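Chemist: Next input, structure requested:
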Amino acid sequence: MYHAVIVDDEPFVLEGLKAAIDWEGSNFEIVYADTSPVSVLSYIKQHPVDLLITDISMPEMSGLDLISEAKAVNSLLSVLVLSAYDNFEYVRTALRNGAENYLLKPLDPNELLESIRSIAEHLQERTQLSNTYGSTMLTFRSLFTENWVKGTLGTEDFLTRAELLGINLSLNNYTVLLFSSTDTDAKGMAMLFDWLLSICIGRFQSHFYFETPTCLVCILSDIRGTPDMAAFAGMLRQSRQLFPFHYFVSVGNTVDNYEDVSDSYRNAHGYLFLRHTGMQELLCTTLLLPLQIHTVIEQSFSSVPKEEYIQHLLAVFTPSLDLRQRMAVQLTVLNHGLSQLHFEQNMQPQLMEKLKSIPPNARHFNEMAAFLRDFISVCYALLKEHQSVQSSYFPCVDAVIQAVHEFSNKDISLKTLASQLNMHPSYLGNVFHQQTGFYFNDYLNEERLKYAAGLLENTSLKMKEIVDRAGFSSQTYFNRLFKRKFGVSPLAYRREMRSRQIPGVNAEK
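Modeler: Got it, this is the predicted structure:
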């Protein structure tokens with residue numbers, strides 16, 4: 001459980017922050033809250049603290065001075081700034097002095113929850129990143145880049161932050177590249193990062209952040225026009241002799257508007273699993289397939305029997321496909337299967353072995369078809385095993401999962417569930433995370449979003465009713481989370497899913 005301290009000279013703000021969100025569900029505990037920044041600083045000097053939430057304008061000590069002194073005590077301390085628009089220059093200074101994010105008053109509980117959730121996701125990684133790359137990788141710029149590629153900021157907030165950083169948003173090309181390695185020694189990635197910075201000078205506008213110590217994300221724009229990404233990949237191949245480790249590059253599609261950068265990121269991110277193979281790079285623009293084939297591949301393993309799924313797949317994966325399309329089908333099936341099994345979280349050995357045996361030559365159609373059939377069989381077997389493990393969860397975890405699936409209950413929280421089960425929220429949260437691999441709020445949002453997606457696809461309910469049934473308190477918050485997960489708005493998702501329904505595959509819908 002991570003430790004947070006809060007300071008604001010208005011007592012009602014402190015109380016509001018304490019009650020605004022389910023802190024335990026996000027793996028945080030408020031260990032100290034006070035109206036005195038001097039008292040808070042004294043606490044930080046004497047106790048381990050992971051997060052400081054501070055107002056800017058306070059009579060006893062300014063938030064800027066508090067941040068500066070607190071960072072001197074703990075350089076890895078995460079900081080959220082509370083601000084109003086009328087002191088925005090203070091925010092600019094706070095960001096330059098080491099604050100990583102800010103929240104505008106009056107506080108929106110959903111915005112606060114998103115910020116806390118994001119910090120909880122990265123705290124474990126940040127210590128290693130800081131030790132490896134230095135504090136520069138924990139700056140406001142790198143956090144902004146992460147929010148940009150994941151599409152988690154509203155338009156006004158995004159534009160304000162881009163202006164603060166002096167980022168040019170008027171270019172006509174943006175491509176997301178992911179550089180990743182399975183090497184546990186992250187020093188090689190630091191060398192690669194330095195080299196990338198050097199080649200971008202004078203030709204590319206580039207923005208970087210480390211998603212993990214061994215995964216570097218880059219937004220690349222050619223300031224002279226649309227870049228030739230195939231040529232860029234060739235340059236990377238020639239330079240590999242400079243780096244004594246294996247790394248994989250996934251190159252997303254090039255988009256012509258800064259608002260679509262998250263599309264390029266999602267395309268590139270979907271093929272990170274290939275770093276476990278011998279492949280060196282993948283240009284996602286080569287993976288274009290007819291809509292009908294995508295519809296077949298993206299069926300849920302949990303809703304279609306194995307042999308039926310294989311039959312559907314082999315009906316569209318035929319020798320008539322050209323070599324590029326065969327390779328695209330193979331990689332799309334791999335991507336879909338691994339995502340169904342949450343491979344990046346669990347890293348099953350059976351799948352690791354299958355990835356190492358991918359047929360390298362698309363000309364050998366029969367070999368590719370046999371590989372796909374075998375891969376799908378392994379996925380189904382692991383899915384069955386995973387469902388068996390789920391059935392053996394601790395009773396308290398089963399109770400939490402059952403409560404989450406009562407989607408219309410908007411008041412569910414780790415604290416209320418712990419009270420019902422006569423347990424401490426922190427202990428219940430830790431047990432739930434150990435058993436499922438999810439923090440409670442992450443699991444709650446994930447399940448609600450999947451349920452809402454099913455309602456969008458299979459019913460004609462109005463959007464407000466879907467939001468209510470899924471348990472979301474705000475349609476705006478729902479829209480933002482939905483787009484972050486699925487890449488499109490809820491209405492666009494409904495249109496797309498209905499257009500993909502084809503006879504014999506989605507007949508039950």
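
Chemist: where does the stretch 201-350 of the chain dip in pLDDT?
Modeler: 286, 343-347 (pLDDT under 70).

Chemist: What segments of it are strands?
Modeler: Per DSSP state E, counting those that start in this stretch, the stretch 201-350 of the chain carries strands over the ranges 204-212, 215-222, 248-251, 281-283.

Chemist: Name every sheet partner of the longest one and say whether each one runs parallel or antiparallel.
Modeler: Within its sheet, and counting by DSSP bridges, strand 204-212 is paired with strand 215-222 (antiparallel).

Chemist: centroid residue for this protein?
Modeler: residue 150 (6.6 Å; CA atoms, centre = their mean).

Chemist: Looks like that residue contacts residue 265 (just checking).
Modeler: Yes: contact between residue 150 and residue 265 holds when scored by CB atoms under 8 Å: they sit 6.9 Å apart. No exception for glycine: its C-beta is placed from N, CA and C like everyone else's.

Chemist: So which helix or strand of the protein has the lowest pLDDT on average?
Modeler: Taking mean pLDDT, DSSP states H and E as the measure, the helices and strands of the chain show their lowest mean at helix 343-346, namely a mean of 61.

Chemist: what's the helix or strand where residue 417 lies packed up against?
Modeler: With the criterion set as DSSP states H and E, the secondary-structure element containing residue 417 is helix 414-420. Here helix 414-420 is seen to pack against helix 395-404, helix 425-436 when contacts are counted using 3 or more CB pairs under 8 Å, 6 or more residues apart in numbering; DSSP states H and E.

Chemist: let's see it at 10 Å
Modeler: Counting by 3 or more CB pairs under 10 Å, 6 or more residues apart in numbering; DSSP states H and E, the packing neighbours recorded for helix 414-420 are helix 395-404, helix 425-436, helix 440-458.

Chemist: quick one: residue 402 from residue 418, how far?
Modeler: In this structure, residue 402 and residue 418 are 15 Å apart, going by CB to CB, to the nearest Å.

Chemist: between residue 150 and residue 265, what contacts are shared?
Modeler: Residues touching both residue 150 and residue 265 by CB atoms under 10 Å, 6 or more residues apart in numbering: 211, 217.

Chemist: circling back: to residue 289, which of the helices and strands packed on helix 414-420 lies closest?
Modeler: Each of the helices and strands packed on helix 414-420 was checked against residue 289 via CB to CB, and the shortest separation belongs to helix 440-458, namely 20.4 Å.

Chemist: by contact count, what packs against the closest one?
Modeler: Other elements packing on helix 440-458 under the criterion 3+ CB pairs under 10 Å, 6+ apart are helix 109-133, helix 395-404, helix 414-420, helix 425-436, helix 463-470, helix 475-486, helix 490-500.

Chemist: In terms of mean pLDDT, which of those ranks lowest?
Modeler: Least confidently modelled of the helices and strands packed on helix 440-458 is helix 109-133, at a mean of 70 by mean pLDDT.

Chemist: Residue 351 is in contact with residue 376, isn't it?
Modeler: No: in this structure, residue 351 sits apart from residue 376 without contact. The criterion is CB atoms under 10 Å, and the distance is 11.6 Å.

Chemist: Look up the residues that both of the two are in contact with.
Modeler: residue 337.

Chemist: before we move on, back to that, take the helices and strands packed on helix 440-458 and lay them out in TSV including mean neighbour count.
Modeler: What follows is the helices and strands packed on helix 440-458, written out as TSV (neighbours: other CB atoms under 10 Å):
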stretch	mean neighbour count
helix 109-133	18
helix 395-404	16
helix 414-420	18
helix 425-436	18
helix 463-470	17
helix 475-486	18
helix 490-500	16
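
Chemist: Look at residue 278 and say how many residues are nearby.
Modeler: 12 (other CB atoms under 10 Å).

Chemist: So it versus residue 427, what's the distance?
Modeler: In this structure, residue 278 and residue 427 are separated by 44 Å, where distance is defined by CB to CB.

Chemist: Domain map for this structure?
Modeler: 2-134, 148-275, 291-390, 395-500 (automatic domain parsing).

Chemist: Residue 141: which of the ones you listed is closest?
Modeler: Distances from residue 141 to each of the domains of the chain were compared using CB to CB; the shortest belongs to domain 148-275, at 5.7 Å.

Chemist: List the contacts of the helix holding residue 417.
Modeler: Taking CB under 10 Å, 6+ apart as the criterion, the residues outside helix 414-420 that touch it are 22-27, 396, 399-400, 403-404, 409, 413, 423-429, 432, 439-441, 444.

Chemist: repeat for stretch 228-245
Modeler: Stretch 228-245 has contacts (CB under 10 Å, 6+ apart) with 173, 175, 177, 179, 181-183, 185-189, 191-192, 195-196, 199, 204, 214, 220, 222, 246-247, 249, 251-254, 280-286.

Chemist: and residue 465, what does it touch?
Modeler: Contact analysis of residue 465 by CB under 10 Å, 6+ apart lists 455, 459.

Chemist: now residue 314
Modeler: With CB under 10 Å, 6+ apart as the criterion, the residues that contact residue 314 are 296, 369, 372, 373.

Chemist: Recalculate using a threshold of 7 Å.
Modeler: residue 369 (CB atoms under 7 Å, 6 or more residues apart in numbering).

Chemist: Next one: it from residue 333, what distance?
Modeler: Per CB to CB, residue 314 is found 11 Å from residue 333.

Chemist: repeat for residue 378
Modeler: Distance, residue 378 to residue 333, by CB to CB: 12 Å.

Chemist: All the helices of the stretch 51-200 of the chain, in order from the start?
Modeler: 63-73, 88-96, 109-133, 140-150, 155-165, 187-200 (DSSP state H, counting those that start in this stretch).

Chemist: With residue 329 as the reference, name the closest of those.
Modeler: Minimum separation from residue 329 across the helices of the stretch 51-200 of the chain (CB to CB) falls at helix 140-150, 26.7 Å.

Chemist: and the angle from the closest one to strand 204-212?
Modeler: Between the axes of helix 140-150 and strand 204-212, defined by axes from the mean of the first three to the mean of the last three CA atoms, to 10 degrees, the angle is 90 degrees.

Chemist: For helix 140-150, name the packing helices and strands.
Modeler: Under the contact definition 3 or more CB pairs under 7 Å, 6 or more residues apart in numbering; DSSP states H and E, helix 140-150 sits against helix 155-165, strand 204-212, strand 215-222, helix 261-269.

Chemist: Please name the residues that touch residue 309.
Modeler: Remark: with contacts taken as CB under 7 Å, 6+ apart, residue 309 is in contact with 299, 301, 376.

Chemist: And those residues, which is closest to residue 323?
Modeler: Here the nearest of these to residue 323, counting by CB to CB, is residue 376; it sits at 21.5 Å.

Chemist: hang on, the closest one is in a helix, isn't it?
Modeler: Yes: inclusion of residue 376 in a helix is indicated when DSSP: H, G, I helix; E, B strand; the rest coil is applied.

Chemist: Would you mind confirming that it is in contact with residue 308?
Modeler: No: applying CB atoms under 7 Å as the test, residue 376 and residue 308 come out as separate, 11.0 Å apart.
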